[in-house]
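Q: following is a predicted model, sequence given first.
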Amino acid sequence: MTTLVIGGAGYIGSHVVRLLLEQGKEVVVVDNLSTGLRQRTEGAELIELDVTLPDAREKLAFEMRACGADSVIHFAAHKQVGESVENPEMYWHDNIGGLANVLSACASAEVRDIVFSSSAAVYGMPDVDVVTEDLAPQPINPYGATKYVGSGCSPTPNGPTRCAPWPCGISTSPAPGGPSWPTPQ
Ligand SMILES: NC(=O)c1ccc[n+]([C@@H]2O[C@H](COP(=O)([O-])OP(=O)(O)OC[C@H]3O[C@@H](n4cnc5c(N)ncnc54)[C@H](O)[C@@H]3O)[C@@H](O)[C@H]2O)c1
């Protein structure tokens, strides 16, 4: 019974890893350390892997079987709005391609519990004080658009399509309060 946390060396992922470990759960982290830090994964096994590479699907499925993963939390993505406007191709390729590899690997390894880290950016700039999940998605930049498309993997009432043959959770990941853990040097 292991949770594979993809992007678990990152800002949000490392808080989730720490919480899971505190609860006595088995945790394995997959991360390419592009923005993550190895020391944030202390207490969990770290597998260095880029989920966007062509062979990532097979490697991920192998690792899921090897550690007996029964759940996956997927945080690994680019997340800079400005960068996404300057380099939209990279966002479509990596955020959507990486998610496709993760979902495919989950299907292959029969991992049924998946949480996808989405973003409030799927709602664009609605004219409201508080952005709630019942608002109509209206992304206004490529980052938000990739999160909107990625969110379509879940058959929620508003989800237009399903990429996985079972329900997925979607998190809009409000950033945990406080500084990164540990703070990058
Ligand atoms: N930080 C926020 O305020 C916020 C808000 C809403 C949603 N999110 C979403 O939460 C997720 C995590 O955000 P974060 O702030 O922790 O970002 P982060 O950059 O700190 O963490 C991302 C992690 O994923 C890893 N990663 C990136 N690309 C990878 C790849 N191709 N293969 C393997 N690992 C890869 C990075 O090394 C890093 O450890 C992202 O999907 C982001 O869109 C973040």
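A: Here it is on my side, so go on.

Q: please enumerate the strands of the protein.
A: For the chain, the strands defined by DSSP state E occupy 2-6, 26-31, 45-48, 69-74, 113-117, 169-171.

Q: now do R18: how many residues are near it, please.
A: 18 (other Cβ atoms under 10 Å). The way it works is simple: take the backbone N, C-alpha and C, and place the C-beta from them, glycine included.

Q: let me know the pLDDT of it.
A: pLDDT for R18: 96.

Q: how close does it get to the ligand?
A: With the distance defined as Cβ to the nearest ligand atom, to the nearest Å, R18 ends up 13 Å from the ligand.

Q: likewise for E63?
A: For E63, the distance to the ligand equals 12 Å [Cβ to the nearest ligand atom].

Q: touching, that residue and I47? I think so.
A: Yes - here E63 reaches I47: they are 5.6 Å apart, a contact under Cβ atoms under 8 Å.

Q: joint contacts of these two?
A: V28, V30 (Cβ atoms under 8 Å, 6 or more residues apart in numbering).

Q: TSV for the strands of the chain, including mean pLDDT, distance to N95 and mean neighbour count?
A: Putting the strands of the chain into TSV (pLDDT from 0 to 100; distance: least, Cβ to Cβ, whole Å; neighbours: other Cβ atoms under 10 Å) gives the following:
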stretch	mean pLDDT	distance to N95	mean neighbour count
strand 2-6	98	12	26
strand 26-31	98	15	25
strand 45-48	98	19	16
strand 69-74	95	10	23
strand 113-117	89	10	22
strand 169-171	63	14	17
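
Q: send me stretch 57-74 as CSV with only the CA atoms.
A: The C-alpha coordinates for stretch 57-74 follow below in CSV (Å, rounded to 0.1, in the frame of the first residue of the first chain):
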residue,chain,number,x,y,z
ARG,A,57,5.2,5.3,-19.3
GLU,A,58,6.9,2.0,-19.1
LYS,A,59,9.3,3.1,-16.4
LEU,A,60,6.5,4.6,-14.3
ALA,A,61,4.4,1.4,-14.6
PHE,A,62,7.4,-0.7,-13.6
GLU,A,63,8.1,1.5,-10.5
MET,A,64,4.4,1.4,-9.6
ARG,A,65,4.4,-2.4,-9.7
ALA,A,66,7.8,-2.6,-7.9
CYS,A,67,6.6,-0.5,-4.9
GLY,A,68,3.1,-1.9,-4.9
ALA,A,69,1.6,1.5,-5.5
ASP,A,70,-2.2,1.7,-5.0
SER,A,71,-2.4,5.5,-5.3
VAL,A,72,-0.7,8.3,-7.3
ILE,A,73,-0.7,12.0,-6.7
HIS,A,74,0.6,13.9,-9.7
